[in-house]
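Novice: Compute the structure for the input listed below.
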Amino acid sequence: MDRHNLKSVLYFIGVMALFAGLSFLYFNPVFKGQELPQMDNTHAIGAAQELNEFEAETGDHSYWANSMFGGMPAYQIKGDSSSNLFYNLNKVLRFGLPFHTVAILFLYLFGFYVLLRSMKMGRWLSLVGALAFAFGSYNIIIIIAGHITKAYAIALSAPVIAGILYTLNRKPLVGAFFTTVALGVQVAYNHIQITYYLFLIVLVLMVARFVKALLDGTIRDFGKRAALLVLAAVLAVLPNLTHLLPTYEYGTFSIRGPSELESTSKEGETDSGLDRDYAFSWSYGKAETLTLMIPNLMGGASEPLSQSPRAMKDVDPRLREIVGGQSQYWGSKPFTSGPVYVGALIFFLFVLALFFYKGPEKWWLVGATVLSVLLAWGKNLEWFNYFMFDVFPLYNKFRTVEMALIIATITIPLLAMLGLKKVVDNPALIRDQSGKFLAAFGLTGGIALLIYLFPNLFFDFMSREELNALMRQKQQMPDQAGVIDQVILNMQQARAGLLQADAIRSFFFILLGSASLWLYGTNRLSKKYLLPGLALLVVIDMWAVDKRYLSNDDFVSPRQISGQFEKSKADKMILEDEDPYYRVFSIYRNPFNEVNTSYFHNSIGGYHGAKLRVYQDVIDFYLQNNWQTLMMHFRNGGSPENAKQMLEQMPVLNMLNTKYIIYHPGQAPLENPFVYGNAWFVSNIETVASAEEELASLKNVDLTKTAIIRQDRVADWGSYQNLEAGSTIELTSYAPDHLIFGARVNGEKLAVFSDIYYPAGWKAFVDGNEVEIKRVNYLLRALMIPDGEHTIEFRFEPASVNTAKRLAVIGGILVVLFALALLWRYRADIINKD
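Specialist: As a prediction, this is how the structure comes out:
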């Protein structure tokens, strides 16, 4: 290796060491053994506990989880990575760094640095861009929230773009292989929404390059390179089919698929996908988009105003308690953990690039940025986003549309660096085109200064919901109207103070950055000082804002983390039950938004963004009301004995084998005397014409004696009736994906099981012979059992999983062959370099 190559390798190692050092410095409490209490990560632990225990005990992986929502596929709870080449590769890319914190920030830095270097940018320029991207506020906020797979998927997006650009601009085979690996690892993190946004970036890029190829007469060369990228995408996806294919199949049965209930469909629902109102709940406000440059434009996070000394500085002392309890955030979303901030200086450089950069990447970056903002506006731009929701493929499967701004968090710093490179390479531009330079400053620093000087000219600092609520109070309490007006005025002043502090802050960062560039353009500042200075400004700016949302104070001891799943008195008493299979309903908090119960028991509730549609219907029609009824009973001082009698009128809870109710963690649980058990025989069936009738009949029929089935599923059961007594059925063996029952039957009888019907994988066997599972009582399984003694088995064996595993192995082999072929193709270059 010659001296030049050695120097390059040492520099690269130095940059990686710098990235690791910065990552450890930001998350320095890890040196003390402290951890972050990440809420979504906590949810994931609770949801997967049953599956982890099962795998530890048996060595087998279950694709079905009974721990939440009565039972559901486990594809999005705990994936099986055994056949996925890329899943194992992503462990290598983390370099053994702490998974939930340091490794994420390191990959943010490393991934964007690789992108910029692949575009022939200098080391310092690449460093500035990497710092800008990595410390974007959204990237940090999702770490404290525990959106770990999302963070890794975002971090790997930049290397994917690098591979694509390398394929289009330089060596196509090398670029295609790099794209294969980067995309394969990105998809392996299993955050499909981020991959979808990455696809939108690539779509805009490829359309722009297609148009350019047409204009340049190079369409044939473009076609060859594009074909290689398609091949790379196929190779990247194949090993990931282990989670993609089952998830796609499951999507039609989840809340992201169609509803069977015509009576619940309304304007805004699609034939298949999320409800429009639900999907657009978190839409970014149009004015709120300026948080890209001024973080506290809308108040920042949904934290009390009392937590900000700056906000409370001028509040009337008599109203401090009332005003201090109000939220700092006053935008259009229900609440927020913080804004999407790309940096004041970076935003200035982005606008500057709009004037100065004329290269081939400009228009797709601008187009992707605009698309990002339009999508994030959601319901605030109905004509565009409702069209996208109803027409664009798969778009209606995703919620939290503000997440589309992750596109802008990639494209803005990327175009900013391209613009900065243009200025660095040709400093005379600033002198010769000073009007454009001043225009960029005016559109960023000028606006920030105007907002600081005249905040009330642009904003009223009150959300629509707050104003409506306070106006209602004035109508109800006219004698307090003056006080309410003063509360509003003080809230506005407090929030204006937050905005002004950040507006002038952003102005000064833009001023310092633009002044540095001006001095450089007029030959009064050397390049060797310019780029390190800009890098330092970026770090100071972004670091300080990020620490508002993820600081050292957020770290706690490991004991506090593990303490989130400590057994309560109720849990301990329930776990003494030797019955291996029953369900628990926790009612002292929202049972449909917690996982602590799932950690220890099979829960009626849980927390998941893609529960089964039929189960959501049952929650909406029955279980939500059951919870509220029982909760209010105990809150009003009702006794456990009276609550037991109430359970007789809750047949849906009983048919789901809800054996225990936890009404207080420190009290003995309520044991349900009316529970139907794991399985029971019914004497007859009642046929109904529609899904609505089937769901409604659950409260009108004695489900211990009658099964409800739709006419289109009844087949040869129409005349079924068996009133003979003496038949028994009981569970003899339990595993999440394998249930065994023993039955003694007098005459052919219909058995109803308290397990959720899911046709894409569950198989039933009577004495080893496969039989058809029928769906009854809207969401349960049923089998017709012949006369005599029998062994009944349910096994979860989804064909999609087996197919995906075979394709994943084939895909992995093809990727390895591609790597070997590439090494052979460039063996001469490698030998010469050595």
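
Novice: Surely residue 733 forms part of a strand?
Specialist: Yes: using DSSP: H, G, I helix; E, B strand; the rest coil, the assignment for residue 733 is a strand.

Novice: Skipping adjacent residues, who's closest to it in space?
Specialist: Spatial nearest neighbour of residue 733, chain neighbours left out: residue 740 (3.8 Å); criterion: CB to CB, 6 or more residues apart in numbering. From N, CA and C alone the C-beta is placed, and that goes for glycine too.

Novice: So that neighbour belongs to a helix, correct?
Specialist: No: Residue 740 is assigned strand when assessed by three-state DSSP, not a helix.

Novice: Use 31 as the first number for this chain going forward.
Specialist: Got it, the first residue is 31 from now on, which makes the last one we talked about residue 770.

Novice: I'd say it and residue 821 touch.
Specialist: Yes: between residue 770 and residue 821 there is a contact under CB atoms under 8 Å: 6.7 Å.

Novice: ok, now which ones touch the residue nearest to residue 763?
Specialist: Contacts for residue 770 (CB atoms under 8 Å, 6 or more residues apart in numbering) come out as 761-764, 821-823.

Novice: Would you map the helices across the stretch 331-480 of the chain?
Specialist: In the stretch 331-480 of the chain, the segments counted as helices under DSSP state H, counting those that start in this stretch are 339-342, 350-354, 374-386, 392-407, 412-421, 435-455, 458-462, 464-471, 477-483.

Novice: didn't residue 169 look like it was pressed against residue 440?
Specialist: No: counting by CB under 8 Å, residue 169 stays clear of residue 440, with 10.2 Å between them.

Novice: Overlap of the contact sets of these two?
Specialist: residue 163.

Novice: out of these two, which sits in the busier spot?
Specialist: Ranked by neighbour count (other CB atoms under 10 Å), residue 169 and residue 440 place residue 440 first, with 27 against 22.

Novice: If I look at the more buried one, what pLDDT would I see?
Specialist: Reported pLDDT at residue 440 in the predicted model: 98.

Novice: One more: the one 4 residues further on?
Specialist: For residue 444, the pLDDT comes out at 98.

Novice: Quick check: nearest residue in space to it, chain neighbours excluded?
Specialist: Residue 444 sits nearest to residue 395 (CB to CB, 6+ apart), 6.1 Å away.

Novice: In contact with the one you found, which residues?
Specialist: 441, 444-445, 448.

Novice: and the nearest residue to residue 680 once chain neighbours are set aside, how many neighbours?
Specialist: The shortest distance from residue 680 to any non-neighbouring residue, by CB to CB, 6+ apart, is to residue 656 (5.0 Å). The number of residues packed near residue 656 is 23, by other CB under 10 Å.

Novice: Go ahead and confirm residue 656 touches residue 683.
Specialist: Yes: taking contacts as CB under 8 Å, residue 656 lies within contact range of residue 683: 5.7 Å.

Novice: Quick check: neighbours shared by these two?
Specialist: residue 615.

Novice: Can you classify residue 800 as helix, strand or coil?
Specialist: Counting by three-state DSSP, the backbone at residue 800 sits in strand.

Novice: what sits against it?
Specialist: 793-794.

Novice: Could you give the bridge partners of it?
Specialist: Note on residue 800: beta-bridge partners by DSSP bridges are residue 795.

Novice: one step back: could you single out the nearest of the contacts of residue 395 to residue 742?
Specialist: Checking those against residue 742 with CB to CB, the nearest one is residue 441 at 49.9 Å.

Novice: Low-confidence ranges, the stretch 431-580 of the chain, go.
Specialist: The stretch 431-580 of the chain contains no residues with pLDDT under 70.

Novice: If we go by neighbour counts, what in stretch 524-544 is buried?
Specialist: By neighbour count, with 16 or more other CB atoms under 10 Å as the criterion, the buried positions of stretch 524-544 are 524-537, 539-544.
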